[in-house]
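S.K.: After the sequence you'll find the predicted model.
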2 protein chains.
Amino acid sequence: MTTCVKCGKKETVMKAGFVRGKQRFLCKNCDYYFTLPKPPEKNIRRKRHQTTIIDIANELGVSNSTVSRALHNHPDINPDTKKAILDKAQELDYQPNQLAHSLVKSRTNTVGIIVPEFLTQFFPNVIVGAQKVLRLAGYNLVIMQSGESYDIEVANTKALLANRVDGLLVSMSHETNNYDHFRNFEKREVPVVYFNRVVEELGTHKVVANDYQGAFAAVEHLIQNGYRRIAHLGGPPNLLISQERLRGYRDALQKYGLLVLPELVIHGDFTAQKAAIYAQYLLDLAESPDAIFAVNDPTAIEILTLAKARELRVPQDLGVVGFSDDPIALYIGSGLTTVKQPTARMGEAAAAMVLGMMRGEEEWLLPKTEVLQAELIIRGSSVRK
Amino acid sequence: MTTCVKCGKKETVMKAGFVRGKQRFLCKNCDYYFTLPKPPEKNIRRKRHQTTIIDIANELGVSNSTVSRALHNHPDINPDTKKAILDKAQELDYQPNQLAHSLVKSRTNTVGIIVPEFLTQFFPNVIVGAQKVLRLAGYNLVIMQSGESYDIEVANTKALLANRVDGLLVSMSHETNNYDHFRNFEKREVPVVYFNRVVEELGTHKVVANDYQGAFAAVEHLIQNGYRRIAHLGGPPNLLISQERLRGYRDALQKYGLLVLPELVIHGDFTAQKAAIYAQYLLDLAESPDAIFAVNDPTAIEILTLAKARELRVPQDLGVVGFSDDPIALYIGSGLTTVKQPTARMGEAAAAMVLGMMRGEEEWLLPKTEVLQAELIIRGSSVRK
DNA sequence: AACGTGTTCGCAAACGTTGCCGATACATAA
DNA sequence: TTATGTATCGGCAACGTTTGCGAACACGTT
């Protein structure tokens, strides 16, 4: 039988039911209930022990605070002790535990970025720009992609919030209509900078390209090349990016006395699939357009592909202009005319903005929108002479 | 004057110099030195307080352990208390602190991925595949890019190590010749899976495409189309990917009794810049090649661009085959023949592998290499009839 | 009322690090 | 000597969470 953990007697011990699946005992002598502590299980492999600051301290017979000071150029330390500690750290292959550090400092030195997709060159380039700036400032960048899904986007924000990022850069999915998951960050005073895909509804810090100017220049260019019946295959109507490009399209038409025909304006969702369908529709119109201004390059490329299949000559029968200057635009056919956005600079600007906000600089206290210049790149798809 | 913190007397207290910039006092009675603790500074804004498990506990008058149990389906809890706690958590907008969680569990539910670049579609696609698998398994994916720089790659591994990722997927930069920063992970028993850019020297878990077969098929295809003087613009010689593609190139030539000419084999570094230089060199040869098998698509595209500038006809005067099936390959000229790799599946396979290793499944105890099939996509750049 | 059994909850020790403050040993100035 | 300043180091309480184990109850049975 079992011996009592108090008096050590065996005779007085009796079984007394179960607790959490384990046998409970009662010692009648001590009137004491107890369960048996689980056996040591020494054959199970000991969990790998990462060397900590305490290991170094014990090895050298100093306190862990001293070790901490040695590792962080704190003035209150003797150069000799410091050297000894650094050597020992090297010897034990010490790697600081960022988790513990972040926990006590309640700062992670990490900013998150959420992008909708990786299918075009646009977002990867933005990321490269942002990462460059943040790296120099000592911040890590955690990249997440929503795959144009609202649900994944929400899950991403949850994960970043749980991991206590110090800031967030975000370009939202085309599905997103509700912005509560972003407001959670503001509620916790975590700086957020929206770029490219922004909404006016959120009066926050933004970085965008000059979509209006770019669109205006693109459509003006089409008009100057003799196109008169110009369609626009746009983006989701809730995004500012779509609204601005549409506005540029409208104003350019109006400047030259052309009518804005509702049947020639369609809202897509940035994807090639939808673009193909809508392009089909446009070209099937009784009075089909002689040019199409597309909201982005994948859309424009779908249009070019479709035109080729229908044996429409580009640019003679159909002029096409895209937006973003994806690398493909340079190589497809005789080149795709497109509006080039400063992608890397957009990442840099957004990163610089979130940095300023995290540092609490006055300049960034109030919401600010930074607009980067866009540039029309003229290629073969729109020039007919 | 000041009262002594020990005896409480005022008379015996006198100023006794400064320590760390603060006034020090000496009580002659107690012979005790002391400084005044700094005032509460209540006018300074309290640091933003994230609601914690303790806040919920206090609000409801229960212990934090009870709250923790309520939030994790622990059996030892009354359904009513559980409901009350969950409601209160909702009300206080509680967000768990993943940092503290990871610290005590010494598990972060995060795996890192390091890729060399974002300029081609390849790595983004791999990431999408990996993220899909990991998401379903409850893991977060932290994406980092080295920009083909060894130094940044090392910094990335340091950051991931400090943040205690549970696993790592990596495709190394072309600069990397030293692998100690990766060995650090093995030393700490953190599973690492190498994909695409792997080296034989590291006898570890790998996921690669069948580079040999792909290269062989590509070169055989060129030969069958009448090309006889076929050059190879390869990758960095230390990477297995380069070695295998070169081996496929050699074996295909030998199968058809063609000589492997050293002057027609050049090692590049995957970048378009270097590719342009080496392509120039190849085409400047006295006996220039009539076809080039490029190690990747950007290289092949540089070759096509150069050929166009020199008014070489493709495929009549020069056959070109690339590797990876980048989207551009479909659109450039009459299409670029290329070897398609299952990018998303590579990400999925690597993720599944690292998952198995993290779970300690027997199947993955020993290093294993998974080889995915590659497929030759024949387009206009190599077919002359 | 005592006993036997199961349920529910609190206590406290981790996890690894930081930083305030006290303590000590000297060094130097009055 | 005495008063003051400097240089180093240790103790300890945080940071927010998980978890093993004991303790307090509640309830039904003798």
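M.R.: Structure received.

S.K.: Quick test: name the residue nearest the centre of chain A.
M.R.: When C-alpha atoms, centre = their mean is applied to chain A, the residue found nearest the centroid is A:Ile114 (1.6 Å).

S.K.: doesn't A:Lys158 make contact with that one?
M.R.: No: using C-beta atoms under 8 Å, A:Ile114 makes no contact with A:Lys158, being 11.4 Å away. Heads up, the C-betas are built off the backbone N, CA and C, glycines and all.

S.K.: since we're on A:Ala57, how many residues are nearby?
M.R.: If you count neighbours by other C-beta atoms under 10 Å in any protein chain shown, A:Ala57 ends up with 19.

S.K.: what sits against the residue nearest to it when sequence neighbours are not counted?
M.R.: Spatial nearest neighbour of A:Ala57, chain neighbours left out: A:Asn64 (4.4 Å); criterion: C-beta to C-beta, 6 or more residues apart in numbering or on different chains. Residues near A:Asn64 by C-beta atoms under 8 Å, 6 or more residues apart in numbering or on different chains: A:Ile53, A:Ile54, A:Ala57.

S.K.: go with 10 Å
M.R.: Residues in contact with A:Asn64 (C-beta atoms under 10 Å, 6 or more residues apart in numbering or on different chains) are A:Thr52, A:Ile53, A:Ile54, A:Asp55, A:Ile56, A:Ala57, A:Asn58.

S.K.: coming back round to it: so which helix or strand takes in the residue nearest to the centre of chain A?
M.R.: strand A:110-115 (DSSP states H and E).

S.K.: is that strand anywhere near chain B?
M.R.: Yes: using C-beta under 10 Å from any C-beta of the partner chain, strand A:110-115 reaches chain B at A:Thr110, A:Gly112, A:Ile113, A:Val115.

S.K.: Helix or strand next in line after that strand, which one?
M.R.: As assigned by DSSP H and E, the chain's next helix or strand after strand A:110-115 is helix A:122-136.

S.K.: Please spell out which residues along that following helix are buried.
M.R.: Using 16 or more other C-beta atoms under 10 Å in any protein chain shown as the test for burial, helix A:122-136 gives A:122-135.

S.K.: CA-only coordinates of that helix, as CSV, when you get a sec.
M.R.: Output in CSV follows, covering the C-alpha atoms of helix A:122-136 (Å, rounded to 0.1, in the frame of the first residue of the first chain):
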residue,chain,number,x,y,z
PHE,A,122,3.6,45.7,-56.6
PHE,A,123,3.4,44.5,-53.0
PRO,A,124,6.7,42.6,-53.0
ASN,A,125,8.4,45.9,-54.1
VAL,A,126,6.6,47.9,-51.4
ILE,A,127,7.8,45.3,-48.8
VAL,A,128,11.4,45.6,-49.9
GLY,A,129,11.2,49.4,-49.5
ALA,A,130,9.6,49.2,-46.1
GLN,A,131,12.0,46.5,-44.9
LYS,A,132,15.0,48.6,-45.9
VAL,A,133,13.9,51.6,-43.8
LEU,A,134,12.7,49.5,-40.8
ARG,A,135,15.9,47.4,-40.7
LEU,A,136,18.0,50.5,-40.4
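
S.K.: Please see if the next helix or strand after it touches chain B.
M.R.: Sequence-wise, the next helix or strand downstream of helix A:122-136 (DSSP H and E) is strand A:140-145. Yes: interface with chain B: strand A:140-145 contributes A:Asn140, A:Leu141, A:Val142, A:Ile143, A:Met144, A:Gln145 (C-beta under 10 Å from any C-beta).

S.K.: Filter these down to just the buried residues.
M.R.: A:Asn140, A:Leu141, A:Val142, A:Ile143, A:Met144, A:Gln145.

S.K.: Just list the residues touching A:Tyr32, thanks.
M.R.: For A:Tyr32, the contacting residues are A:Cys4, A:Val5, A:Lys6, A:Cys7, A:Thr12, A:Val13, A:Phe25, A:Leu26, by C-beta under 10 Å, 6+ apart.

S.K.: Distance of A:Glu302 relative to chain B?
M.R.: A:Glu302 sits 11 Å away from chain B, going by C-beta to the nearest C-beta, to the nearest Å.

S.K.: Excluding chain neighbours, give the residue nearest to the residue nearest to the centre of chain A in space.
M.R.: A:Val170 (4.6 Å).

S.K.: What separation is there between the one you found and A:Pro298?
M.R.: 21 Å (C-beta to C-beta, to the nearest Å).

S.K.: Show me which of the two is the more surrounded one.
M.R.: Shown here are A:Val170 and A:Pro298; by other C-beta under 10 Å, A:Val170 has more neighbours (29 against 26).

S.K.: thought the more buried one was touching A:Pro191?
M.R.: No: when contacts are counted by C-beta atoms under 10 Å, A:Val170 is not listed as touching A:Pro191 (11.2 Å).

S.K.: Mutual contacts of the two, please.
M.R.: Shared contacts of A:Val170 and A:Pro191, defined by C-beta under 10 Å, 6+ apart, comprise A:Phe185, A:Thr204.

S.K.: need the residues of chain A near DNA strand D, please.
M.R.: Neighbours of DNA strand D within chain A, by C-beta under 7 Å from any atom of the strand: A:5, A:19-20, A:32-35, A:37-38, A:61-66, A:75-82, A:100, A:103-104, A:106.

S.K.: Filter those down to the buried ones.
M.R.: A:Phe34, A:Val62, A:Thr66, A:Ile77, A:Lys82, A:Ala100, A:Leu103.

S.K.: Same list, those residues, but only the ones touching chain B.
M.R.: A:Ala100, A:Leu103.

S.K.: Please flag which of the buried ones among the residues of chain A next to DNA strand D sit within strands.
M.R.: A:Phe34 (DSSP state E).

S.K.: Among the buried ones among the residues of chain A next to DNA strand D, which pair sits farthest apart?
M.R.: A:Phe34 and A:Lys82 (49.7 Å; C-beta to C-beta).

S.K.: before we move on, back to that, where does the residue nearest to A:Ile114 sit relative to A:Val198, distance-wise?
M.R.: 9 Å.

S.K.: what's the overlap in contacts for those two?
M.R.: Both A:Val170 and A:Val198 are in contact with A:Thr204, where contact means C-beta under 10 Å, 6+ apart.

S.K.: My guess is A:Val192 contacts A:Ser171. True?
M.R.: No: taking contacts as C-beta under 10 Å, A:Val192 lies outside contact range of A:Ser171: 11.5 Å.

S.K.: near DNA strand C, which residues of the stretch 1-150 of chain A show up?
M.R.: Contacts of the stretch 1-150 of chain A with DNA strand C, taken as C-beta under 7 Å from any atom of the strand, map to A:14-20, A:24, A:26, A:33, A:49-50, A:52-54, A:64-65, A:68, A:71-72, A:76, A:94, A:96-97, A:100-101, A:103-105.

S.K.: What about those residues, which are in helices?
M.R.: Counting by DSSP state H, the part of these found in helices is A:Ile53, A:Ile54, A:Asn64, A:Ser65, A:Ser68, A:Ala100, A:His101, A:Leu103, A:Val104, A:Lys105.

S.K.: give the contact list for the first one.
M.R.: When contacts are counted by C-beta under 10 Å, 6+ apart, A:Ile53 touches A:63-68, A:70-71, A:85, A:89, A:94, A:96-97, A:100.

S.K.: could these go into TSV alongside pLDDT?
M.R.: Compiled in TSV, the contacts of A:Ile53 are given as follows (pLDDT from 0 to 100):
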residue	pLDDT
A:Ser63	95
A:Asn64	94
A:Ser65	95
A:Thr66	96
A:Val67	97
A:Ser68	97
A:Ala70	95
A:Leu71	95
A:Ile85	96
A:Ala89	96
A:Tyr94	95
A:Pro96	96
A:Asn97	97
A:Ala100	97
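
S.K.: with the residues you listed in mind, which one is nearest to B:Ala162?
M.R.: Closest approach to B:Ala162 among the contacts of A:Ile53 (C-beta to C-beta): A:Pro96, at 5.6 Å.

S.K.: burial of the closest one, as a residue count?
M.R.: A:Pro96: 16 surrounding residues under other C-beta under 10 Å.
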